[in-house]
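1. structural data only, the sequence is not supplied:
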């Protein structure tokens with residue numbers, strides 16, 4: 001069956017699945033398929049439930065430990081396997097991220113999104129029925145590799161949004177991402193309190209099926225962005241970007257430290273709240289995700305503010321605040337529950353603003369290479385989560401909550417040091433130094449210069 005109309009528009013996905021007519025691409029309909037609040041919100045919702053798939057295990061660590069009859073230390077590897085791959089799996093996961101995310105620069109993103117979500121559904125269903133701890137760990141790793149839809153949706157949202165709404169569009173995706181992390185904790189905590197842990201994964205299969213339907217009806221069909229390039233060329237150019245772009249390298253290092261901080265807090269929180277002096281139930285621990293949501297919910301609002309700030313300052317503000325919240329955690333997390341509540345809200349708010357700002361900075365490098373740029377940033381993201389989960393668990397089990405909080409504070413200071421290597425107005429290929437003054441507000445001619453630079457092809 002022919003899958004193109006006379007104007008070259010694709011009309012069928014996978015050789016048999018019709019593309020809704022209102023989503024089919026033609027040059028005269030390009031503007032209609034671009035940015036809209038409804039489409040952006042749908043992307044955010046889909047991101048929420050795909051990302052949640054990676055985090056359902058966190059409030060269940062104690063129950064999973066008892067069910068599989070393994071130690072806390074062994075069961076704490078599950079979040080690591082889902083998010084970054086554990087030790088011997090790390091290289092395999094890294095290859096997975098490198099191979100899948102850049103495909104958005106080479107292939108039409110609509111069928112790519114539908115395909116990865118369908119794979120996610122299949123592997124999650126198998127995860128729900130296993131009875132072996134080792135099989136559960138292995139399947140968790142595979143599920144982590146297939147949960148890559150947000151890494152495709154983020155650069156797609158940046159492509160669809162106009163220049164003056166890009167940070168806002170990205171902020172909605174990141175709000176969905178952080179909501180997914182927090183909603184996963186709430187849902188799994190509630191379900192595990194009243195039923196078996198397997199039910200949450202059956203629910204997840206249904207939610208992912210709904211995501212598949214939503215994506216089918218909202219993702220527009222766009223032609224590939226780099227038709228003249230091969231897959232091998234895409235991979236080579238990604239390696240070149242990772243080694244030659246100062247903005248990307250700086251953002252990747254900050255992202256690594258930020259995600260190490262974030263996972264330090266949420267992984268050790270389960271053990272802090274479940275132990276002395278709090279002794280909270282799995283349900284209460286899971287409900288702490290609702291507290292974090294109050295901070296995340298402000299992300300899209302802050303996105304509008306980020307659109308008007310020089311990106312360097314939009315990164316500095318949440319990073320500095322993050323260090324303050326980790327100082328509070330270090331001082332009082334094990335003594336007063338109010339300190340944990342304050343830090344919970346603050347860290348989620350800071351993380352949302354910081355990640356949007358970093359992505360905005362990185363996506364300004366090249367419009368045609370956003371899938372590859374995002375792949376490098378996401379690889380740094382999950383590398384930081386791997387380091388944060390593994391290191392924080394080890395430090396907490398051996399030295400207690402205060403030592404793990406000091407580790408988080410050190411990561412925040414590391415981020416500030418990396419940021420100050422390059423000033424707010426450095427040129428694209430300046431590695432170290434300060435140029436162009438200290439002004440903090442974007443002006444129109446800067447936006448036009450950024451747009452011109454970002455449209456240069458990356459070979």
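-> Perfect, thanks for sending it. Small disclaimer: the values here were computed from a predicted structure and weren't measured.

2. what average pLDDT does the helix or strand hosting residue 181 get?
-> Take DSSP states H and E as the rule and residue 181 turns out to sit in helix 166-194. Across helix 166-194, pLDDT averages out at 79.

3. and it, what does it pack onto?
-> Contact here means 3 or more C-beta pairs under 8 Å, 6 or more residues apart in numbering; DSSP states H and E; on that basis helix 166-194 packs against helix 37-52, helix 149-160, helix 198-218, helix 282-296, helix 299-307, helix 337-363. Heads up, the C-betas are built off the backbone N, CA and C, glycines and all.

4. what about residue 298, neighbour count?
-> 16 (other C-beta atoms under 10 Å).

5. list the contacts of it.
-> 349, 352 (C-beta atoms under 8 Å, 6 or more residues apart in numbering).

6. per-residue pLDDT, it?
-> 71.

7. look up phi and psi at residue 17.
-> phi -100, psi 110 (degrees, to the nearest 10).

8. that older thread, check the offset of the helix holding residue 181 from the chain's centre.
-> Centre-to-centre, helix 166-194 and its host chain are 11 Å apart (C-alpha atoms, centre = their mean, to the nearest Å).

9. and stretch 251-259, by the same measure?
-> 12 Å.

10. which other residues reach it?
-> 242, 315, 319, 322, 351, 354-355, 358, 361-362, 376-377, 379-385, 387-388, 411-412, 414-415, 418-419.

11. turn the helices and strands packed on helix 166-194 into JSON lines, including mean neighbour count and distance to residue 437.
-> Below are the helices and strands packed on helix 166-194 laid out as JSON lines (neighbours: other C-beta atoms under 10 Å; distance: least, C-beta to C-beta, whole Å):
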{"stretch": "helix 37-52", "mean neighbour count": "21", "distance to residue 437": "34"}
{"stretch": "helix 149-160", "mean neighbour count": "25", "distance to residue 437": "27"}
{"stretch": "helix 198-218", "mean neighbour count": "17", "distance to residue 437": "42"}
{"stretch": "helix 282-296", "mean neighbour count": "21", "distance to residue 437": "32"}
{"stretch": "helix 299-307", "mean neighbour count": "20", "distance to residue 437": "20"}
{"stretch": "helix 337-363", "mean neighbour count": "23", "distance to residue 437": "18"}
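
12. worst average pLDDT in those?
-> Among the helices and strands packed on helix 166-194, helix 299-307 carries the lowest mean pLDDT (a mean of 69).

13. which element follows that helix toward the C-terminus?
-> helix 311-332.

14. just the buried residues of that next one, please?
-> 311-319, 321-323, 325-330, 332 (16 or more other C-beta atoms under 10 Å).

15. check the offset of stretch 45-55 from the chain's centre.
-> Counting by C-alpha atoms, centre = their mean, stretch 45-55 comes out at 10 Å from the chain centroid.

16. got it, and stretch 153-168?
-> Averaging C-alpha positions (C-alpha atoms, centre = their mean) puts stretch 153-168 16 Å from its chain's average.

17. equivalent analysis for stretch 327-336, please.
-> Computed by C-alpha atoms, centre = their mean, the chain-centroid distance of stretch 327-336 equals 27 Å.

18. give me the residue at the spatial middle of the protein.
-> With distances taken as C-alpha atoms, centre = their mean, residue 177 lies nearest the centre of the chain, 5.7 Å away.

19. identify the residues contacting that residue.
-> Contacts of residue 177 by C-beta under 8 Å, 6+ apart are 47, 48, 51, 150, 355.

20. and the furthest pair within those?
-> 48 and 355 (14.8 Å; C-beta to C-beta).

21. run the angle between the helix or strand containing residue 267 and helix 311-332 for me.
-> Using DSSP H and E, residue 267 sits within helix 246-274. With axes from the mean of the first three to the mean of the last three C-alpha atoms, to 10 degrees as the basis, helix 246-274 and helix 311-332 are set at 20 degrees to each other.

22. residues contacting residue 119?
-> Contacts of residue 119 by C-beta under 8 Å, 6+ apart are residue 146.

23. could you look up the SS state of it?
-> helix (DSSP: H, G, I helix; E, B strand; the rest coil).

24. distance of it from residue 125?
-> Distance of residue 119 to residue 125, computed by C-beta to C-beta, to the nearest Å: 11 Å.

25. perfect, that will be all.
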